[in-house]
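**Q** Need the 3D shape of this:
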Amino acid sequence: MATRKTAGKASPRLPEISMETIGAHTVRVGYWPAERSSDKRPLLFFNGIGANMELAFGLGEWIRDREIITFDMPGVGESPPAKFPYRPWMMARVARKLCDQFGMGDVDVMGVSWGGAMAQQYAFQYRNSVGKLILCATTAGMTMVPGKVSAISKMADARRYTDPDYMRENFQKLYGEAADEGAGQHIENLRPPAPMGYVYQLTAFLGWSSLPFIRFLRMPTLIMAGDRDAIVPMANAHILNFALPNARLHVVEDGGHLFLVTQAEETVGEITEFLDEPMEAMQPKSVWQQGYSAA
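**A** Now for the predicted structure:
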């Protein structure tokens, strides 16, 4: 394992950055130690497709009382491209090995968009070591209700990573909300993924759906969705909320796909409240609440 070095002090709380090799994959890892000792579980975070970890640095500012770990997927950010295509279970294994290397046992898991599918895979694969699950702007996989064609077509345009002006001009069409100060910072932090890194991320979930195993995810789950999301429509959140045994749904009003960036105060408050809620207060939904009849 590589020696970890603390990142620069330009921000009050940047992560410690290291390059870690797990099997055939070398990934760039961001790790935030907790600012004070507590018995709270660490948070494992999975980012969206093509998203470098700098886009998640706000986590360190928002959540200071627990450890946080995330990493650039192969070919994204500063992680070298993978030598071959991978499947979700492979990246879930990489994440688990990273947690082990950093001394983390049970973790809470959070994922956004593409990363929300990864979070579901991880939660199923290592469900005995997952405390709580947070799914933001995401779907159950190939069974998803698709977004607007205008937004999906712009998602496929590489200029959203390489041309800040293009992103500012098309931010609302892409994500369903107007660009603000937070969105501007998000745009400045974007780094273009390696072409094959992006392709491997796109193809990793081909044919994948969480619906065959979603009933096994009995940990408390918070589903968050923006009612103006142009990429992942609200219907997908309702599918997850219906299928997960112990879930609650929080709708971000006037929120687009990047509500974690553009409405950070509201969404972070909801996330921290959920993470801090005692486990015993969170009971699985009754059969009636799950939408089934008594018969």
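**Q** got the contact list for S129?
**A** For S129, the contact set (Cβ atoms under 8 Å, 6 or more residues apart in numbering) comprises R96, G105, D106, V107. C-betas here are computed from N, CA, C, even on glycine.
**Q** pLDDT wise, what is it at?
**A** pLDDT, S129: 97.
**Q** Got phi/psi on it?
**A** phi -120, psi 20 (degrees, to the nearest 10).
**Q** How about the contacts made by the nearest residue to A247 once chain neighbours are set aside?
**A** Closest residue in space to A247, ignoring its immediate chain neighbours: T221 at 4.2 Å, by Cβ to Cβ, 6 or more residues apart in numbering. T221 is in contact with K132, L133, I134, L135, L240, L244, N246, A247, R248, counting by Cβ under 8 Å, 6+ apart.
**Q** For A230, see how far away the first one is.
**A** K132 is 28 Å from A230, where distance means Cβ to Cβ, to the nearest Å.
**Q** Measure how buried P278 is and give me the count.
**A** Look at P278: counted by other Cβ atoms under 10 Å, it has 6 neighbours.
**Q** Check the one 3 residues further on too.
**A** Neighbour count of A281, defined by other Cβ under 10 Å: 7.
**Q** Tell me the confidence at the residue lying closest to G226 once chain neighbours are set aside?
**A** In space, G226 comes closest to G255 once its chain neighbours are excluded; the distance is 2.8 Å by Cβ to Cβ, 6+ apart. Here the pLDDT value assigned to G255 is 90.
**Q** what does the one 10 residues further on give?
**A** In this model, E265 is scored at 85, pLDDT.
**Q** next one: the host helix or strand of it to chain centre, how far?
**A** Taking DSSP states H and E as the definition, E265 sits inside helix 264-276. Centre-to-centre, helix 264-276 and its host chain are 15 Å apart (Cα atoms, centre = their mean, to the nearest Å).
**Q** What are the buried residues along that helix?
**A** E266, T267, V268, E270, I271, F274, L275 (16 or more other Cβ atoms under 10 Å).
**Q** and which of these is nearest G58?
**A** V268 (8.0 Å; Cβ to Cβ).
**Q** which residue sits closest to that closest one, ignoring its sequence neighbours?
**A** W62 (4.4 Å).
**Q** Make sure that neighbour is actually in contact with G269.
**A** No. Using Cβ atoms under 8 Å as the test, W62 is too far from G269 to be in contact (9.1 Å).
**Q** So which residue is dead centre in the chain?
**A** G111 (2.1 Å; Cα atoms, centre = their mean).
**Q** where's that one, which helix or strand?
**A** G111 belongs to strand 107-112, assigned by DSSP H and E.
**Q** now do L260
**A** helix 259-262.
**Q** Likewise for D100?
**A** Residue-wise, D100 maps onto helix 88-101 under DSSP H and E.
**Q** likewise N236?
**A** Per DSSP H and E: helix 234-243 holds N236.
**Q** Pull out the buried positions in that helix.
**A** Quick answer for helix 234-243 (16+ other Cβ under 10 Å): M234, N236, A237, I239, L240, N241, A243.
**Q** Could you do stretch 37-44 as well?
**A** So for stretch 37-44, counting by 16+ other Cβ under 10 Å, buried means R41, P42, L43, L44.
**Q** So which of these sit within strands?
**A** L43, L44 (DSSP state E).
**Q** what's the closest of the contacts of S129 to M53?
**A** Nearest member of the contacts of S129 to M53, counting by Cβ to Cβ, is V107, at 16.9 Å.
**Q** Would you check how far apart that closest one and I69 are?
**A** In terms of Cβ to Cβ, V107 sits 8 Å off from I69.
**Q** Same check on W62?
**A** Relative to I69, W62 is positioned 15 Å away (Cβ to Cβ).
**Q** more crowded one of these two?
**A** I69 (22 against 17).
**Q** Please compute how far the helix holding N236 lies from its chain's middle.
**A** With Cα atoms, centre = their mean, you get 17 Å for helix 234-243.
**Q** ok, now stretch 69-79?
**A** 13 Å.
**Q** try stretch 113-122
**A** 6 Å.
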